[in-house]
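**Student:** My questions concern the predicted model and sequence given below.
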Amino acid sequence: MTHTNQAISSKPYLAVFDLDETLIAADSACLWSEFIAEKELASDTHLAEERELMSAYANGTMDMDRYMQATLKPIIGMDSKTLTQLVAEFIERKIKPAFYADAISRIQWHKQRGDIVLVISATGEHLVKPIAKLLGADDVIAINLEQINGIITGRTTGTLSYQQGKVTRMKAWIDDHDIQFKGSYGYSDSINDLPMLDAVDRPFAVNPDPALALHAQMQDWTIMDWRHENNILR
């Protein structure tokens, strides 16, 4: 998915999108937990733990290390091929119906302009990468999962792409790519992404949570109301 480094006649813009509650009308990690519970790969106790940890997300106090350890437990020891097959079914059943039609239109608008579309998410790469590919993103930054000999260990690697970690990973991504950007756009719904939105030239608050809505109003940022439409990619 990485954008090739061919010569570009005019400098493109970088368009950075959060995933959960920004591009889709749901949290993909929560939907995934429900899905694997339906598959009898996770217990009700796991779901309760996931919901308890997720409750701290809205106010920016989530312990992301602990959250990832908890949510990855059901797939520890799973081989990557099995996981890929599960995720494909998950996307078909749970994610496709949740896409915001306006989000798809906005990505297409950026692509038509020749912009580079980058999805940055605080969700595991096993979910984010195939979802972003479906949307036509050029590349993805997500939480990296450790695999040993193709087996999921339940551990993460590198900087977690959460809060300030998104900016750290984005800057590293820019440094790794031989592209001179004319400017940058950023889209998110969450106050957790305030560092990312502050780091771009043109921030947009999409269906923002109350804290981000207040900040956006004070900073005179554009607030976007994206509508949900079922089966937009079916």
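**Tutor:** Yep, it's here.
**Student:** Give me the helices and strands touching the helix or strand of the chain with the lowest mean pLDDT, please.
**Tutor:** Ranked by mean pLDDT, DSSP states H and E, the weakest helix or strand in the chain is helix 44-54, scoring a mean of 79. With contacts defined as 3 or more Cβ pairs under 8 Å, 6 or more residues apart in numbering; DSSP states H and E, the packing partners of helix 44-54 are helix 28-38, helix 64-72. Heads up, the C-betas are built off the backbone N, CA and C, glycines and all.
**Student:** Next, count neighbours for residue 15.
**Tutor:** Neighbourhood size, residue 15 [other Cβ atoms under 10 Å]: 27.
**Student:** Quick one: residues contacting residue 64.
**Tutor:** Residues in contact with residue 64, defined by Cβ atoms under 8 Å, 6 or more residues apart in numbering, are 122, 143, 160, 162.
**Student:** Same list (those) but as JSON lines, adding distance to residue 208.
**Tutor:** Converted to JSON lines, the contacts of residue 64 look like this (distance: Cβ to Cβ, whole Å):
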{"residue": "122", "distance to residue 208": "16"}
{"residue": "143", "distance to residue 208": "23"}
{"residue": "160", "distance to residue 208": "22"}
{"residue": "162", "distance to residue 208": "18"}
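**Student:** As CSV, those residues with secondary structure, pLDDT and neighbour count would be great.
**Tutor:** As requested, the contacts of residue 64 are exported to CSV (DSSP: H, G, I helix; E, B strand; the rest coil; pLDDT from 0 to 100; neighbours: other Cβ atoms under 10 Å):
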residue, secondary structure, pLDDT, neighbour count
122, strand, 96, 26
143, strand, 98, 26
160, coil, 97, 20
162, coil, 96, 22
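**Student:** can you give me the helices for the chain?
**Tutor:** 28-38, 44-54, 64-72, 80-90, 101-113, 125-135, 164-176, 194-199, 210-219 (DSSP state H).
**Student:** Which strands and helices lie in contact with the fifth one?
**Tutor:** Yep, that's helix 101-113 we're talking about. Helix 101-113 packs on strand 13-17, strand 116-124, helix 125-135, going by 3+ Cβ pairs under 8 Å, 6+ apart.
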